[in-house]
Structures are given as C-alpha cells and as structure tokens.
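Q: got a predicted structure here, sequence first:
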Amino acid sequence: MYDVLIIGAGPGGIYAAYELMKLQPELKVIVFETGHSLEKRRCPIDGVKVKSCINCPVCSIMTGFGGAGAYSDGKYNITNDFGGTLYEYIGREKALDLMHYVDEINMSHGGEGTKIYSTAGTKLKKICMQNQLMLLNAQVRHLGTDINYVVLQNLYNELKDKVEFRFDTRVHHLEKLENGYRAEYEGGYADAEKCIISVGRSGSKWMQTVCRDLDIATKSNRVDLGVRVELPAEIFSSITDELYESKIVYRTKKFEDNIRTFCMNPRGIVVNENTNGIITVNGHSFEDESRKTDNTNFALLVSKHFSEPFNDSNSYGESIARLSNMLGGGVILQRFGDLERGRRSTVKRIQECTVHPTLSATPGDLSLVLPKRILDGIIEMIYALDRIAPGTANDDTLLYGVEVKFYNMSVDLNERLETRYPGLYVIGDGSGVTHSLSHASASGVFVADEIVGKAE
Ligand SMILES: Cc1cc2nc3c(=O)[nH]c(=O)nc-3n(C[C@H](O)[C@H](O)[C@H](O)COP(=O)(O)OP(=O)(O)OC[C@H]3O[C@@H](n4cnc5c(N)ncnc54)[C@H](O)[C@@H]3O)c2cc1C
C-alpha cells in the first residue's frame, strides 16, 4: 500500500512528486509512466536516415520522464492570460504564486542564468494596439530545449531515491477501492490512499475511459487549428528581441474570429509532432548559440468550439490533420506567395525560395486542407503582422500545415482539483484545466500541498 499514486511523469506529475517529497519525505509515493526514463527517450527522426515519423509504439517526444514538455522549448509563461484556466479553480493570485514557485525550482535545478522576459512597459504593446493587434500580458522564462533537459535530469536525480518510478508501465485501469485507489498495469497493480492523475494530452483517450467507468462528468473543450509560419529571423527581431515570446491576438474583419500567435521560436526549427498517429507541426528553439538557425517560426491559430449537435472539437481537428497527412504524407509546406496566387508550392518553388525551410515537408496547397474561414483569417492576420513587422507578408514566407492544438475534455473538478471521489485528483493537461508547462507544473504543486494539508 502506497500513500500516493501518481499516473504520468510529465510536468504535472513531476512537480507533484517533488512537492510531496519536499514537504513529507516519509510518504510512500509511486509514479507510473507509459514512456521511457529520460536518458532512454530518443526520437528516431534524424533528418538523414529517418526523415519523418515512423509511428513508434511509444512516442519519445510525447511520453516518458518530462512528458510532452521534455523536448519542448521550455517556455514557462507566468500568466493567467493564457496557458490554462487554473486560476478559475484556485484564484488568480495563488495560481501566479505557484508559477513563480515553479520558476524558483527550475532556477535551483540548472535553470539559473536563463532569461526572463516581460510584456510590462514594452513599446510593442502600444505598436500592437495602434495596428489592431493585442499583446497579452505575461512574463516568460525561456529555458530552451537544452536547459529544460538539464533541469529535468536534476529533478530526476533528486527524486529517484525517494520516489518509486515505474517507467515503460502504462496504467490500463483505475479502480476505486473502499479506502483508496488501485492502478492496474500489465503484470500487476498498486494500491494507494490517494491518486493523482496527470496523463497529459497523450493520455486523453485513457482519461475518457476513467471518467466513463467512474461516472465523472466531462465537458468538450476547444481545438485550435492553423499553420506554423517561418520567416527570416531579422523580420521578427523587433518583436522577439524584446520579448522572445509574445502572444498577439488579432480579431479578423471578415468573420470577427480571434487569431493568435502561439509558440514563437526565434532562430529555431520547425518540427513534426505525432499525436495518436497523426502528424502535425510544432516548433523548437535552443539556448545554445551553435544550434540557432537563421529563421524564426511561430504558429497562427484559431480556436474552434462546437456544442450542438456535434460537440467533439478534437475529432474535427483530427479530421483536418488527417486530410493534410493524406494529401502530403505528413506536413504540407507552402510559400505565402503561392497561397495568395491560388497555386500549390512545388519542390522547385521551395528550392528557389529565399527562406530555407528547417523542416523537410511536402510542398503542396494548404487551401485544399484548411477551411476557408480559418485560412482567410490567417491571411488577414499575416497582413496585420506585416504592419508591425514589415516583411511578414513576403511571398517567400513559409507556411506549414497543419498545426493543431488538441485540448482534453474538461474533467468535473472542485476547487481542490479533486473529482467527486475524495482523494482522486486530476491535474495538468489531462484535466482540461491547463495546457502549458507552467500551469501543469503549478497544478501539481497545488495538489501536493492539498494532500499534505499545506494549502490555506
Ligand atoms: C513539441 C512541444 C513543445 C511544447 N512547448 C511548450 C512550451 O514551450 N511552453 C509550454 O508552456 N508548453 C509547451 N508545450 C506543452 C507542454 O509540454 C504541456 O502543456 C505539458 O507538458 C503538460 O504537462 P502534463 O504533465 O499535464 O502532461 P504531459 O507532459 O503530456 O505528461 C503526461 C505523461 O503521462 C504519461 N501517461 C499518459 N497516460 C498514461 C497512463 N495510462 N499510464 C502511465 N502514464 C501515462 C505520458 O506518457 C506522459 O509522459 C509543448 C508541447 C509539445 C508537444
């Protein structure tokens, strides 16, 4: 019998384990993780022999110690303006305090020396407003993929002798016992008085089965759809030099949809992402000067939410991503000039392009994939950005599609992030409450504090 079972070793699970061990080291805590330990996580795509996703049975990008965050750009956004709705459960001040606390942990585990950026008092805010764009408020700690990895290594080294980690062990069933919970995995089970589920996006389907079996209410969430834009770093330097990552929102004239920038990677690379076998696009950047490229990339996303009669936003996003995979065999790449002229990009046109793509993707036509409303909005926003960063709407700006942000359905939780079963908590992206490193990590600390009775 354990005191606490944690399912999932992404940021949510890791920071919960860290806080439990810090506050009450005598607790018996076990962490189950479908993926590998950190040092065994390796994506086979090397750009030479393996150029695109080969659908490994266990994806090293999305699963393993560090979760989806391990190979991320390590941008910890300290804000209630985006990244999740944790503040709706625990209050704005508490949520921000916990995000700062997570930042302190990161700094004391290898992150010291990394930069923190802030929108407060920037010139960009005014320039955005003057051009019908809105810059959201945030502080951003940029660890970079490399330092993020070091922080995870240090956290693991500190926890490994205090917490029992079971890697390569997927929990396939969760049972409610009279005095706790039983996690069943292939070849065994473990019981504990309390259980924290932190299975992220990759565990979304499993989370649905848990909610169905235990009759926990859920609500459909939104899906974000769009493209990743790649252009010469100089064009965006006035934005990225001051802030590194800025979330800019534009309200389209035609449909009055909100479109926003997401995940900016100054001098970074564009990468494939595999979500349940569907290949979409994402981006990374590195702190290490030698790994920087000449290009900056960021996503332009539109949120879609369905209610009646269709309410499965994720399936809508999946279908569009599948369509791009069907036409392009993976991610599709198009020059902005080709999109505007209503023609596909070809290998020749991409070769002649002055911007060199950092991801090998199939030249094609995104207008055959993305719904008109979304594509029109993206084009409008590119022109709006061109007013604050001239050159954004150049013919050679590259667009990769599709980028999809799937959100888990929202699990019915109280203000302690607890389900209707006492002692059963759901945190991080798997709960539908968070969708970022900082919010997921903060939710882990919060629940650990609840469990040991520290929270006021
Ligand atoms: C490429 C990429 C880049 C990103 N960049 C950023 C960024 O810069 N900034 C930012 O804020 N966010 C970023 N994100 C999002 C961020 O990584 C997530 O919001 C965050 O990791 C969520 O943490 P989590 O612990 O809730 O879930 P996850 O990190 O998804 O971890 C969940 C873990 O649970 C495990 N699991 C699932 N089901 C089971 C099961 N049944 N049994 C056992 N284990 C299970 C999974 O294997 C996984 O390791 C990025 C995501 C990706 C994919």
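A: That came through, no problem.

Q: only C-alpha atoms from now on, for both contacts and neighbour counts.
A: Will do.

Q: would you map the helices across the stretch 1-150 of the chain?
A: According to DSSP state H, counting those that start in this stretch, the stretch 1-150 of the chain carries its helices in the segments 11-23, 86-90, 92-106, 123-130, 144-159.

Q: tell me which parts of the stretch 151-300 of the chain are close to the ligand?
A: 170-172, 198-203, 282 (CA under 6 Å from any ligand atom).

Q: redo that, cut-off 8 Å
A: In this structure, the stretch 151-300 of the chain approaches the ligand at residues 169-173, 198-204, 206-207, 263, 271, 273, 282-284, judged by CA under 8 Å from any ligand atom.

Q: now residue 337: which helix or strand?
A: Here residue 337, judged by DSSP states H and E, is contained in helix 336-340.

Q: after that helix, next one along is what?
A: The C-terminal neighbour of helix 336-340 among helices and strands, as given by DSSP H and E, is helix 347-352.

Q: packing partners of the helix holding residue 337?
A: Using 3 or more CA pairs under 8 Å, 6 or more residues apart in numbering; DSSP states H and E as the contact criterion, no helix or strand is in contact with helix 336-340.

Q: what residues sit buried inside that helix?
A: Residues of helix 336-340 classed as buried under the neighbour-count rule (16 or more other CA atoms under 10 Å) are 336-339.

Q: hmm, who's touching it?
A: Contacts made with helix 336-340 from outside it, assessed by CA atoms under 8 Å, 6 or more residues apart in numbering, are listed as 344-345, 365-367, 393-399.

Q: so how far is it off the chain centroid?
A: Going by CA atoms, centre = their mean, to the nearest Å, the spacing between the C-alpha centre of helix 336-340 and its chain's C-alpha centre is 28 Å.

Q: restricting to C-alpha, output it in CSV.
A: This file holds the C-alpha atoms of helix 336-340, laid out as CSV (Å, rounded to 0.1, in the frame of the first residue of the first chain):
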residue,chain,number,x,y,z
PHE,A,336,2.7,32.6,-48.8
GLY,A,337,3.0,33.9,-52.3
ASP,A,338,1.8,30.6,-53.8
LEU,A,339,-1.1,30.6,-51.4
GLU,A,340,-2.1,34.1,-52.4
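
Q: tell me the mean pLDDT over that helix?
A: Confidence over helix 336-340, taken as the mean pLDDT, stands at 98.

Q: who's in contact with the lowest-mean-pLDDT helix or strand in the chain?
A: Lowest mean confidence among the helices and strands of the chain (mean pLDDT, DSSP states H and E): strand 269-275, at a mean of 87. Contacts of strand 269-275 with the rest of the structure, by CA under 8 Å, 6+ apart, involve 52-53, 55, 59, 61-62, 202, 230, 279-285, 293, 295-297, 331, 358-359.

Q: just give the strands next to the next helix or strand after it in its sheet, each with its orientation.
A: The first helix or strand that comes after strand 269-275 along the chain, using DSSP H and E, is strand 278-284. Each strand pairing with strand 278-284, determined using DSSP bridges, is listed with its direction: strand 269-275 (antiparallel).

Q: helices of the stretch 351-456 of the chain, start to end?
A: Taking DSSP H, counting those that start in this stretch as the criterion, the stretch 351-456 of the chain contains helices spanning 372-388, 437-452.
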